[in-house]
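Visitor: Show me the folded form of this:
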Amino acid sequence: MTTRAQKLSRLKSPFLQVMGIVLGLSLVTMTHAKGKLHLGAGAFSLNASTPSRSKTISGPGSYSVSYLHPLFRKLMLEAGYSVIMSEGISGDMGFGLDIGLTFYPLTESQEFGIEEDNVKVKIDEIWRPFLSGYFHQRQFQSVSSSYAGFGFGAGIERLFNEKYGLLVKARYQILAGPQSSSASNIDFLIGLMVKL
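Guide: Prediction:
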């Protein structure tokens, strides 16, 4: 019989490996492009169903880290990793990759400069609302199954200074799993935006 500690030790290794990869890529890209990090924590509501039954769990315990790389003036590529813990910082876990595009409809995605008559001005908007579309992959500990699907999100960045800002975002995911199982998840995250 497998204990909870044994399950967590099996999950800890891939989780730490992926987190290391995401943070490593973020550090490498710091010297090549002006991207940004989104670090968030908050609450979730997960509904999972099979042909025979369904279950909903909710509460605090949603965590996310992602790197955003500029593609165009209003568009960024986003790659990250999310973890759900049913009891806040413990319990059953769901974890996996998030890859998508983040669009800033009202502002530039980053600061921009204007140069005229030997005068250079940098402009950086304080409020930046955004919309996102994602592909999600999730592995759930309790059922030992992988789920994948698409989702969307919306949020806002509020700049504090040249480097840091407040991040608030909400995401909705629709996932499909094996044997006609499915899951949907809503999470609300508050955290830190870090300009690299």
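
Visitor: Just want the most central residue of the chain.
Guide: Ser64 (4.5 Å; CA atoms, centre = their mean).

Visitor: My understanding was that that residue contacts Tyr81; is that so?
Guide: Yes - between Ser64 and Tyr81 there is a contact at 7.3 Å, judged by CB atoms under 8 Å. For every residue, glycine as well, the C-beta is placed using N, CA and C.

Visitor: Neighbouring strands - and their directions - for the one helix or strand Phe44 maps to?
Guide: Element membership for Phe44, per DSSP states H and E: strand 36-49. Here strand 36-49 has these sheet partners by DSSP bridges: strand 54-72 (antiparallel), strand 182-195 (antiparallel).

Visitor: picking that back up, what sits in contact with each of Ser64 and Tyr81?
Guide: Jointly contacting Ser64 and Tyr81 under the rule CB atoms under 8 Å, 6 or more residues apart in numbering are Asp98.

Visitor: which one of the strands paired with strand 36-49 lies closest to Phe135?
Guide: Set against Phe135 and scored by CB to CB, the strands paired with strand 36-49 come closest in strand 54-72, at 12.8 Å.

Visitor: Could you give the bridge partners of the residue nearest to the centre of the chain?
Guide: According to DSSP bridges, beta-bridge pairing links Ser64 with Gly40, Ser82.

Visitor: how close does the closest residue to Glu108 other than its chain neighbours sit to Asp117?
Guide: Nearest non-adjacent residue to Glu108, counting by CB to CB, 6 or more residues apart in numbering: Arg73, 5.4 Å away. For Arg73, the distance to Asp117 equals 23 Å [CB to CB, to the nearest Å].

Visitor: What are the buried residues along stretch 102-111?
Guide: 102-104, 107, 109-110 (16 or more other CB atoms under 10 Å).

Visitor: And Leu192, how far from Tyr172?
Guide: In terms of CB to CB, Leu192 sits 22 Å off from Tyr172.

Visitor: Give the full set of residues in contact with Leu106.
Guide: Leu106 neighbours (CB under 8 Å, 6+ apart): 128-129.

Visitor: sec struct for it, please.
Guide: Here Leu106 is coil, with the state taken from DSSP: H, G, I helix; E, B strand; the rest coil.

Visitor: Relative to the centre of this structure, find the outermost residue for me.
Guide: Asp117 (42.0 Å).

Visitor: So which residues of this protein form helices?
Guide: In the chain, the helices defined using DSSP state H lie at 4-29.

Visitor: where in it is pLDDT low?
Guide: Applying pLDDT under 70 to the chain flags residues 1-33, 143-144.
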